[in-house]
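S.K.: The sequence isn't on hand, but the structure is:
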């Protein structure tokens, strides 16, 4: 798998993992597949062992390129944010391959939830994990000014309608026989949890740096440490690295389109 996870923890404040990209070529292949619309195919691979199937669909190439390209007038961080969401989605599968994990959005700069995970235990739904994912050069600023306020909105119930709709849709995909009933029975204050994932470099790549990076988490999200997940991907130059892996994905898309037209 292209992403490996190493557990990290800050006492009773938060727990999570730091990610390492082991295989950029394989990651580019998965990015290309998701961009074309084959997230279900990628998910099957992430849940099991084996290689991706050789076949691509015979369409979707132009839209895939737009997701992976910074067009004229576009913001680079919109493309980078989408790529990072796919990486975060892959990492979520590596963390729990039994969970329901919402596929990445197919629109750059979408204003909804960055990600959503439903985890299960023997009694049913264990956690509904609300995800915020930031590919950024300024991780502390993003965490403090953007992520914590988002989580606080969910904690106060201010976005429960959005959360309920998202959870219901995800349960429908899982073929839950009564997703509306399941959602109605969720004790939201007990079940909701959070995951913040950010790109880091320099001082935030160490244990001491992460402590400062995620300072204040336990004040925005109260309760047990299991409710507070924190994830990092170390990239000294986030823009250049994402641009490079996106270019590799574009090459794979070009090859797939050429093969489809033979």
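M.R.: Thanks, I have the structure now. Worth saying up front: this structure is predicted, and the values here are computed from it rather than measured.

S.K.: Let me know the average pLDDT across stretch 2-14.
M.R.: Average pLDDT, stretch 2-14: 95.

S.K.: got the buried residues for the longest strand along the chain?
M.R.: For the chain, the longest strand by residue count, based on DSSP state E, is strand 124-134. Within strand 124-134, the residues scored as buried using 16 or more other CB atoms under 10 Å are 125-134. Using the backbone N, CA and C atoms, a C-beta is placed for each residue, glycine as well.

S.K.: Show me the shaky parts of the stretch 51-200 of the chain.
M.R.: 51-55, 109-111 (pLDDT under 70).

S.K.: what's the closest of the buried residues of strand 124-134 to residue 181?
M.R.: Minimum distance to residue 181 across the buried residues of strand 124-134 is 12.2 Å, recorded for residue 125 (CB to CB).

S.K.: The closest one and residue 188 touch, don't they?
M.R.: No. If you go by CB atoms under 8 Å, residue 125 and residue 188 don't touch, sitting 10.6 Å apart.

S.K.: tell me which element residue 19 is part of?
M.R.: Counting by DSSP states H and E, the element that carries residue 19 is strand 14-21.

S.K.: how big is the angle separating the helix or strand immediately after that strand in the chain from strand 14-21?
M.R.: Using DSSP H and E, the helix or strand that follows strand 14-21 towards the C-terminus is helix 24-36. Inter-element angle recorded for helix 24-36 and strand 14-21: 110 degrees (by axes from the mean of the first three to the mean of the last three CA atoms, to 10 degrees).

S.K.: Which strands or helices does the longest helix belonging to the chain pack on?
M.R.: Secondary structure assigned by DSSP state H gives helix 238-260 as the longest helix of the chain. In terms of contact count using 3 or more CB pairs under 8 Å, 6 or more residues apart in numbering; DSSP states H and E, helix 238-260 is assigned the packing partners helix 24-36, helix 61-68, helix 76-95.

S.K.: ok, the most centrally placed residue in the chain to residue 178 distance?
M.R.: The residue lying closest to the centre of the chain (CA atoms, centre = their mean) is residue 88, at 3.1 Å. According to CB to CB, to the nearest Å, residue 88 stands 30 Å off from residue 178.

S.K.: again with residue 143
M.R.: When residue 143 is compared with residue 178 (using CB to CB), they lie 37 Å apart.

S.K.: The two: which is more packed in?
M.R.: residue 143 (24 against 10; other CB atoms under 10 Å).

S.K.: re the thing from before, so what's the residue nearest to the centre of the chain up against?
M.R.: By CB atoms under 8 Å, 6 or more residues apart in numbering, the contact list for residue 88 reads 114-115, 131, 133, 197, 231.

S.K.: Adding distance to residue 22, write those residues out as TSV.
M.R.: Below are the contacts of residue 88 laid out as TSV (distance: CB to CB, whole Å):
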residue	distance to residue 22
114	23
115	21
131	22
133	20
197	17
231	16
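
S.K.: Quickly name whichever of those residues is closest to residue 206.
M.R.: Minimum distance to residue 206 across the contacts of residue 88 is 15.5 Å, recorded for residue 231 (CB to CB).

S.K.: For the closest one, what are phi and psi?
M.R.: phi -130, psi 140 (degrees, to the nearest 10).
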